[in-house]
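*Asks:* structure for this input, please:
(chains A, B, C and D)
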Protein chains: 2
Amino acid sequence: MNHPVFSEFDLTSLLSLSFSALIDELHDRLSELGFGDIRPAHGFMFKHIIPNGATGIELAEHLGITKQAVSKMVDFLEKSGYVIRQTHPNDKRGKIIVLTERGWLVMKAKEEIIAEIEQRWIDNIGAERMQMLKEDLTKLVYEVNEGNLSSRSKPVW
Amino acid sequence: MNHPVFSEFDLTSLLSLSFSALIDELHDRLSELGFGDIRPAHGFMFKHIIPNGATGIELAEHLGITKQAVSKMVDFLEKSGYVIRQTHPNDKRGKIIVLTERGWLVMKAKEEIIAEIEQRWIDNIGAERMQMLKEDLTKLVYEVNEGNLSSRSKPVW
DNA sequence: ACCATATAGTCAACTTGATTGACCACATTA
DNA sequence: TAATGTGGTCAATCAAGTTGACTATATGGT
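*Replies:* Model prediction:
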């Protein structure tokens, strides 16, 4: 199939479409591996639980949602066996959320799948261009946020 | 401020962050212009209403949601004065959803804001790199979807 | 040491944007 | 023209978030 190279999409659509294409494939593959109950936001949470656990409030800030919403997500993930709540060593009010073995398995699977997709893209556009792509996107992320990154991001994985 | 150029983020995060940075700024600016009731999904709907209107089912397919959900969105947008439902000329069951004057104003504002942001990025990374970025993202969108584009995309604007 | 205030987490009620199912009016085709 | 298909809406429900109220524990000023 011969596709047009010059964009019929504007930048917004391109970013949106490439992102959701990536995420959709990732979650399809995770489903096949038996992780069908994992949603994109869970992955982003896991990322901040690594490597030594995190409190609910820390996760809430990272995810940009309320601590109550985090509490519910953790309820679900704990029931499904991906994380557990441990009592905080220094603060009896607090709890630390850590990954279980199953949680680590998802993270590992995710890494492998993303690496594989990324490799396909490298085969397609070349390693140099992929490097440029990443550099440029990194710059853009910093530029648009004008320095105060992660303040309002609603990220995934 | 001197930022690292080589990515501390993986591709998923980069795409997610750059996309949401873009969308956040866009909607902040639209809010300032008095379009605070417009959500990202509305913009994507508008895009497919242009230029000659669309039926609810067409929009549902484009947005990847049910026709009932579209119907609700249209209810809202009609009440807010962005679109109207016209009776379909050939099919008395159907309706065509078209933009009102106010609807066109939002689209125009959106174009200008995106163009301005894009220009900032061009100033930052250069026009050539921007062109490459778009080309590469376009390829990636096609590659990941393996030809059947827009079948499952959950896009915005 | 004590009290006032702040903080981590949970419970409950509500909101929002989607879903599924049922239905009506009109179209299409055999 | 009867049988089936299609566009749209209504209603009930679901999922994932919100706000508000509360408990238990920490912390800091006097």
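
*Asks:* can you give me the helices in chain A?
*Replies:* All helices of chain A, identified by DSSP state H, fall at A:11-32, A:40-49, A:56-63, A:67-79, A:101-125, A:127-145.

*Asks:* can the third one be said to contact DNA strand C?
*Replies:* So that's helix A:56-63. Yes: Helix A:56-63 reaches DNA strand C (CB under 7 Å from any atom of the strand) through A:56, A:57. For every residue, glycine as well, the C-beta is placed using N, CA and C.

*Asks:* would that helix count as contacting chain B?
*Replies:* No: for helix A:56-63, no contact with chain B is found by CB under 8 Å from any CB of the partner chain; the gap never falls below 11.9 Å.

*Asks:* in that helix, what counts as buried?
*Replies:* Neighbour-count burial for helix A:56-63 flags A:56, A:58, A:59, A:60, A:61, A:62, A:63 (criterion: 16 or more other CB atoms under 10 Å in any protein chain shown).

*Asks:* equivalent analysis for the fifth one, please.
*Replies:* Neighbour counts over helix A:101-125 (16+ other CB under 10 Å) mark A:103, A:106, A:107, A:109, A:110, A:113, A:114, A:117, A:118, A:121, A:125 as buried.

*Asks:* any idea how far that helix is from the chain center?
*Replies:* Relative to the chain's own centre, helix A:101-125 is displaced by 12 Å; criterion: CA atoms, centre = their mean, to the nearest Å.

*Asks:* ok, residues contacting that helix?
*Replies:* A:22, A:25-26, A:29-30, A:33, A:35, A:38, A:43, A:46-47, A:49-50, A:77, A:81-83, A:99, A:130, A:133, A:157, B:10-12, B:136, B:139-140, B:143-144 (CB atoms under 8 Å, 6 or more residues apart in numbering or on different chains).

*Asks:* and the shortest one, by the same measure?
*Replies:* Applying CB under 8 Å, 6+ apart, the external contacts of helix A:56-63 come out as A:41, A:44-45, A:48-49, A:54, A:66-67, A:69-71, A:74, A:95, A:97, A:150.

*Asks:* tilt between that helix and helix A:40-49?
*Replies:* Interaxial angle, helix A:56-63 versus helix A:40-49 (axes from the mean of the first three to the mean of the last three CA atoms, to 10 degrees): 120 degrees.

*Asks:* DNA strand D contacts on chain A?
*Replies:* Residues of chain A lying near DNA strand D by CB under 7 Å from any atom of the strand: A:39, A:41, A:64-66, A:68-69, A:72-73, A:76, A:91-93.

*Asks:* and of these, the nearest to residue B:87?
*Replies:* Looking at the residues of chain A next to DNA strand D and their distance to residue B:87, the nearest is residue A:39, at 40.5 Å (CB to CB).

*Asks:* if I look at the closest one, how far off is chain B?
*Replies:* For residue A:39, the distance to chain B (CB to the nearest CB, to the nearest Å) stands at 13 Å.
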